[in-house]
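Asks: Test case, fold it:
(one chain, ligands or ions: 2)
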Amino acid sequence: MLTATAALEILREAVKAPPPRVFRALDESLGCVLAEDVRAEMDQPPFEKSSMDGWAVRAADVQSGVELKSVGRILAGMPPGLSIHAGETAKIMTGAPLPDGADAVVMVEKSVELGGGRVRLDAGVVAGENVCHRGEDLRAGEIVLRRGTVLDAVALSLLASVGCDPAPVHALPRVLVLPTGDELVAAHGPKPLPGQIRESNGTLIEALLTAAFPALRVVRTGIAPDAEAELLEHLRVGLGHDVFILSGGVSMGDADLVPMLLKNLGLEVLIEKVAIKPGKPLLFGRVSGKDGHCCHVFGLPGNPVSSFVTFELFVKPFIAALAGAPFPAPVLLPARLRHVRSLKRIPRRQHIPCVLGVGAEGLVAEPLPWHGSADMRGVLGADGLLLVEAGEGVVLPESTVSVHLLAGARCRGEIPARGSA
Ligand code: AMP
Ligand code: MG
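Replies: Ligands and ions are numbered 1, 2, ... in the order given. Have a look, this model is predicted:
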């Protein structure tokens, strides 16, 4: 069976040419990947600029107690043009252009307006004080952001500051999410009858997708039954997308028809089972159409925690790469373990939800009480997945473990020592 690392390598290789470039409005581009280097359109700041509300002066004129003549007032947004000469000053606001002749600003708190256009300054100043120099942050033509950058809030604001709207980004894949299973009842539907359960993986996967890729539009087409003919209809619709994420129906049960039907529809299987727990029956492959279109397909095991873990480990980095980013490596943190429930030794890597905090020994991982692949409540609030390598059994207390960091991990304070709470 494939290891998680080998499965990631297959996923990395499955991402071919970078997706086409499109122009997207900045306010719809959070999480998109820049497709070109972006340069500054002009110097920033574009002029000598006051960083304080105060008085623009010639530093050489000013020592504490000096009286100057005010020759005007400059607000942010006014064009440059005013000049000051020996013995003169101008009132100036933060962000306003410095008048010609001035080389420093005395903050307003250090001044007294005496009336009759006279002002007394109660502090000296050196040249350049409280002034932002033209081009000190960016030079016209300088690269501000490189292609391949994932656009977070700071990157988006930088693009806005250089007038790059819409931005050249890679097109996002079109993704369809399909839960399958005869037993599933929609969250908004009637109370499940005996034998039925609520469908929750569709909600899970869509929320994981939009949290990781806010600009992605996720398509949902309801719940597919295990009945062949109807399931086939759903599969055909899913395969019309760039990424088709199914949950359920990929194990060894009599009603697990998804792999067989997908293979009949031309699925080239690239991953079938990974040596992990939970999440072993993961299916991944692609269906290439005659028109050159290629749909990548994930069949996630239906147990909610299995769907969650396989999404985090495999689907998320794959879609990031498909959206044009370098294939992201998992973030693995070394943490100290204070105690852990005993674990059976199995030939698969185990993933145990845990919280992370800080103790005297550094980063500490605390496994959550959790009952296995159906127990989503046990995953609530998890910061990471504690990894127990294949063949390893009980992790000894006080040992150092590797934790796969989850999106949304919080920085917690002290985790109390055992028995102290
Ligand atoms: P399967 O992978 O179809 O064999 O399903 C494994 C387990 O996960 C079964 O107990 C299913 O009832 C449950 N399950 C499958 N799909 C979902 C879903 N979309 N939401 C919640 N539970 C599910
Ligand atoms: Mg099923």
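
Asks: alpha carbons only for contacts and neighbour counts from here, please
Replies: Will do.

Asks: doesn't residue 192 make contact with residue 198?
Replies: Yes: here residue 198 reaches residue 192: they are 6.7 Å apart, a contact under C-alpha atoms under 8 Å.

Asks: between these two, what contacts are shared?
Replies: Shared contacts of residue 198 and residue 192 (C-alpha atoms under 8 Å, 6 or more residues apart in numbering): residue 185.

Asks: can you give me the strands in the stretch 51-200 of the chain?
Replies: Assigned by DSSP state E, counting those that start in this stretch, the strands in the stretch 51-200 of the chain fall at 54-57, 66-74, 88-92, 104-107, 111-115, 118-121, 131-132, 143-145, 167-170, 175-179, 184-185, 197-198.

Asks: Report back the residue of this structure that's furthest from centre.
Replies: Relative to the centre of the chain, the most outlying C-alpha is that of residue 116, 57.2 Å out, by C-alpha atoms, centre = their mean.

Asks: ok, that residue to residue 67 distance?
Replies: Going from residue 116 to residue 67 by C-alpha to C-alpha, to the nearest Å gives 12 Å.

Asks: Now do the shared contacts for these two.
Replies: Common neighbours of residue 116 and residue 67 (C-alpha under 8 Å, 6+ apart) do not exist.

Asks: Assumed residue 305 was part of a helix.
Replies: Yes: applying DSSP: H, G, I helix; E, B strand; the rest coil, one finds residue 305 inside a helix.

Asks: Let me see the contact set for it.
Replies: Residues near residue 305 by C-alpha under 8 Å, 6+ apart: 278, 279, 372, 373, 374, 375, 376, 379.

Asks: Roughly how far does the closest residue in space to it that isn't next to it in sequence sit from residue 276?
Replies: Spatial nearest neighbour of residue 305, excluding adjacent residues (C-alpha to C-alpha, 6 or more residues apart in numbering): residue 373 at 4.7 Å. Using C-alpha to C-alpha, we find residue 373 at a distance of 12 Å from residue 276.

Asks: more crowded one of those two?
Replies: For residue 373 and residue 276, the more surrounded residue by other C-alpha atoms under 10 Å is residue 276, and the numbers stand at 26 against 20.

Asks: partner residues bridging the more buried one?
Replies: With DSSP bridges applied, the residues forming beta bridges to residue 276 are residue 349.

Asks: Quick check, residue 218 in contact with residue 204.
Replies: No: here residue 218 does not reach residue 204: they are 12.0 Å apart, not a contact under C-alpha under 8 Å.

Asks: quick revisit: what's the residue nearest to residue 305 in contact with, if anything?
Replies: Counting by C-alpha under 8 Å, 6+ apart, residue 373 makes contact with 278, 303, 304, 305, 306.

Asks: most neighbours, which of those?
Replies: residue 306 (28 neighbours).

Asks: so who does the residue lying closest to that residue once chain neighbours are set aside touch?
Replies: Of all residues not flanking residue 306 in the chain, residue 279 sits nearest, at 4.4 Å (C-alpha to C-alpha, 6+ apart). For residue 279, the contacting residues are 300, 301, 305, 306, 307, 309, 310, by C-alpha under 8 Å, 6+ apart.

Asks: From the contacts of residue 373, pick the one nearest ligand 1.
Replies: residue 303 (3.4 Å; C-alpha to the nearest ligand atom).

Asks: Quick check, pLDDT for that closest one.
Replies: Per-residue pLDDT puts residue 303 at 98.

Asks: Tell me how far it lies from residue 179.
Replies: According to C-alpha to C-alpha, residue 303 stands 11 Å off from residue 179.

Asks: what does the stretch 301-421 of the chain have sitting close to ligand 1?
Replies: 301, 302, 303, 304 (C-alpha under 6 Å from any ligand atom).

Asks: Which helix or strand contains the second one?
Replies: Residue 302 belongs to no helix or strand when elements are defined using DSSP states H and E.

Asks: Can you name the residues that contact the closest residue to it other than its chain neighbours?
Replies: With C-alpha to C-alpha, 6+ apart as the criterion, residue 302 has its nearest non-adjacent residue at 3.7 Å, and that residue is residue 248. Contacts of residue 248 were listed using C-alpha under 8 Å, 6+ apart, and they are 179, 180, 181, 256, 299, 300, 301, 302, 303.

Asks: In JSON lines: these, plus distance to ligand 2.
Replies: Output for the contacts of residue 248, formatted as JSON lines (distance: C-alpha to the ion, whole Å):
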{"residue": "179", "distance to ligand 2": "9"}
{"residue": "180", "distance to ligand 2": "6"}
{"residue": "181", "distance to ligand 2": "4"}
{"residue": "256", "distance to ligand 2": "6"}
{"residue": "299", "distance to ligand 2": "11"}
{"residue": "300", "distance to ligand 2": "11"}
{"residue": "301", "distance to ligand 2": "8"}
{"residue": "302", "distance to ligand 2": "6"}
{"residue": "303", "distance to ligand 2": "9"}
